[in-house]
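**Q** Sharing a model that was predicted from the sequence below.
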Amino acid sequence: MIHGWKGAAVAAIGLSLGFLLLFFAMRAPRSMAQSAPGGQTSAKPATKTAAEVYKNIKVLKNIPAYELIPTMQFISASLGVHCDYCHVEHHFDEDTKKPKLRARGMMQMMFAIDKDHFHNHVVVTCNTCHNGSTHPAGMPAVAGTQVAMARPAHPEEHGMHVDMSSFPQPSAIVTKYVAALGGADALRKINTRVITGTMTFFGHPAPVEVYAKAPDMRASIIKTPHGEGMTIYNGHEGWASMMPQPPHPMEGSELDQASLQADFYFPLDIQKTFPSLRERPPQKVGDQDAYVVLGVRPGMPPVQFFFSKQSGLLLRMVYFTQTALGRLPQQTDYSDYREVDGVKVPFQWTVSEPEGQSTVQVTQLRQNVPVSDSKFAIPKPTGPAEH
């Protein structure tokens, strides 16, 4: 269950809802930014470079266009700023702000360091020096001064010297997880799930709905005062929108997350989805001890799973989005597991990203109810965006 999946009866719910809802709550600009010039969107995933899609790209010309916005989010999180620190609002292509010009030089410096000293591996990033501040600290802090701990660029590499021989193998941990959810047979008896609940972000609650259908279709809807946000995956393609903006096709990590979330039986598919599962040193999740499993796929960043030593249930999942400057983490914590129709499902989860945090509380969950395929059709634009 990657994300609630981002899965098997339970899994499918967790992550997906959390990520999808946070996406709408905090990333409406991203939907617009990924639209092609003139507000039009392509029916096919873009293969163009950033320079072909966006104006005035000087340094990140050759990265995929869909990777530009996550890269900007990486910079924002590393410096602890918002878009308007470097950019002129509604005129992102202008070069009138000095921080934007400085950022270009800093990116070139970072690329040169990684090329010359780390064989082109992304080791030194914006966050290495800035760590949430616009001005990197040039000297150590004196004793007694509170200093924020730097987040590791690759958390999965921590604790490599721990003796792992006494811990269970990843396959055994996943097997216990499936059993804790109710077992493979019980999970396979569920083929649809309809969830209603509330997501709270920045102290503001908003109603949410999730429709999931086996084997791999999912639609999530959040209703805010600014419009209705949707994330849809139909088994092959995915779209996201924040009305009245037109829907845009998902690409890259955004599409990858949507496909993982839509895997209705993800707990049963973990070992197939991730050809390599590696054990990592146990950690604490809240007050619970957890086994840590690293899921590895060719050409993709790893995904971390934290399973309760006691219950076997998934407590946390960390998904990494690869950007041109480094990895962006997204952490989802699951709690309040309840048994519904013979399977356990998390009724609460919290999604944490560098930009902020949101919590979803399920109020009603129904399974094996009719869900029309029309729920997973691309949404039609409404209002001014149609013109």
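**A** Right, received. Where do you want to start? Residues are numbered from 1 along each chain as shown.
**Q** all helices of the protein, in order?
**A** Ranges of helices within the chain are 11-26, 28-33, 50-53, 68-79, 98-117, 126-130, 170-181, 184-188, 252-262, 266-273, based on DSSP state H.
**Q** Give me the neighbour count for residue 209.
**A** By the other Cβ atoms under 10 Å criterion, the neighbourhood of residue 209 contains 17 residues. Glycine gets a C-beta too; all of them are placed from N, C-alpha and C.
**Q** Wait, it touches residue 220, no?
**A** Yes: counting by Cβ atoms under 8 Å, residue 220 is a contact partner of residue 209 at 7.3 Å.
**Q** Can you check which residues contact both of those two?
**A** Common contacts of residue 209 and residue 220 (Cβ atoms under 8 Å, 6 or more residues apart in numbering): none found.
**Q** possible to save the helices of the chain as CSV with distance to residue 229?
**A** As requested, the helices of the chain are arranged in CSV below (distance: least, Cβ to Cβ, whole Å):
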stretch, distance to residue 229
helix 11-26, 3
helix 28-33, 7
helix 50-53, 23
helix 68-79, 16
helix 98-117, 29
helix 126-130, 28
helix 170-181, 29
helix 184-188, 29
helix 252-262, 14
helix 266-273, 23
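**Q** can I get these in JSON lines with mean pLDDT?
**A** Converted to JSON lines, these look like this (pLDDT from 0 to 100):
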{"stretch": "helix 11-26", "mean pLDDT": "33"}
{"stretch": "helix 28-33", "mean pLDDT": "32"}
{"stretch": "helix 50-53", "mean pLDDT": "86"}
{"stretch": "helix 68-79", "mean pLDDT": "83"}
{"stretch": "helix 98-117", "mean pLDDT": "86"}
{"stretch": "helix 126-130", "mean pLDDT": "86"}
{"stretch": "helix 170-181", "mean pLDDT": "97"}
{"stretch": "helix 184-188", "mean pLDDT": "97"}
{"stretch": "helix 252-262", "mean pLDDT": "90"}
{"stretch": "helix 266-273", "mean pLDDT": "95"}
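**Q** deepest of those helices, which one?
**A** Ranked by mean neighbour count under mean count of other Cβ atoms under 10 Å, the helices of the chain are led by helix 11-26, which reaches a mean of 30.
**Q** what stretches of the stretch 151-300 of the chain score poorly on pLDDT?
**A** The stretch 151-300 of the chain contains residues with pLDDT under 70 at 151-163, 243-244.
**Q** Which parts of it are strands?
**A** 192-201, 204-213, 217-224, 227-233, 238-242, 248-249, 276-285, 288-296 (DSSP state E, counting those that start in this stretch).
**Q** could those strands go into JSON lines alongside distance to residue 166?
**A** Below are those laid out as JSON lines (distance: least, Cβ to Cβ, whole Å):
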{"stretch": "strand 192-201", "distance to residue 166": "38"}
{"stretch": "strand 204-213", "distance to residue 166": "38"}
{"stretch": "strand 217-224", "distance to residue 166": "39"}
{"stretch": "strand 227-233", "distance to residue 166": "40"}
{"stretch": "strand 238-242", "distance to residue 166": "42"}
{"stretch": "strand 248-249", "distance to residue 166": "47"}
{"stretch": "strand 276-285", "distance to residue 166": "10"}
{"stretch": "strand 288-296", "distance to residue 166": "12"}
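**Q** between those, which one is nearest to residue 316?
**A** Between residue 316 and those, the shortest gap by Cβ to Cβ is with strand 276-285, which sits at 5.0 Å.
**Q** Sort out which residues of the closest one are buried, please.
**A** Residues 277, 279, 280, 282, 283, 285 are the ones in strand 276-285 that count as buried (16 or more other Cβ atoms under 10 Å).
**Q** isn't residue 342 right next to residue 188, touching?
**A** No: Residue 342 is beyond contact range of residue 188, at 10.8 Å (criterion: Cβ under 8 Å).
**Q** Could the C-alpha coordinates of stretch 321-331 be exported in CSV?
**A** The C-alpha trace of stretch 321-331 is given here as CSV (Å, rounded to 0.1, in the frame of the first residue of the first chain):
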residue,chain,number,x,y,z
THR,A,321,10.3,13.6,-6.9
GLN,A,322,13.5,13.9,-9.0
THR,A,323,14.2,17.5,-10.2
ALA,A,324,17.1,19.0,-12.1
LEU,A,325,18.6,20.2,-8.8
GLY,A,326,17.8,17.3,-6.4
ARG,A,327,15.1,15.2,-4.9
LEU,A,328,11.9,16.7,-3.4
PRO,A,329,10.5,14.5,-0.5
GLN,A,330,6.8,13.9,0.2
GLN,A,331,6.0,12.1,3.4
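**Q** what distance separates that stretch from the centre of its chain?
**A** Averaging C-alpha positions (Cα atoms, centre = their mean, to the nearest Å) puts stretch 321-331 9 Å from its chain's average.
**Q** Contacts for that stretch next, please.
**A** The contact list for stretch 321-331, computed with Cβ under 8 Å, 6+ apart, reads 19, 60, 63, 67-68, 70-71, 73-75, 77-78, 107, 110, 122, 125-127, 151, 153-155, 252-253, 300-301, 316-320, 351-354.
**Q** Walk me through the domains of this structure.
**A** Listed by automatic domain parsing, the domain ranges of the chain are 11-28+158-386, 30-155.
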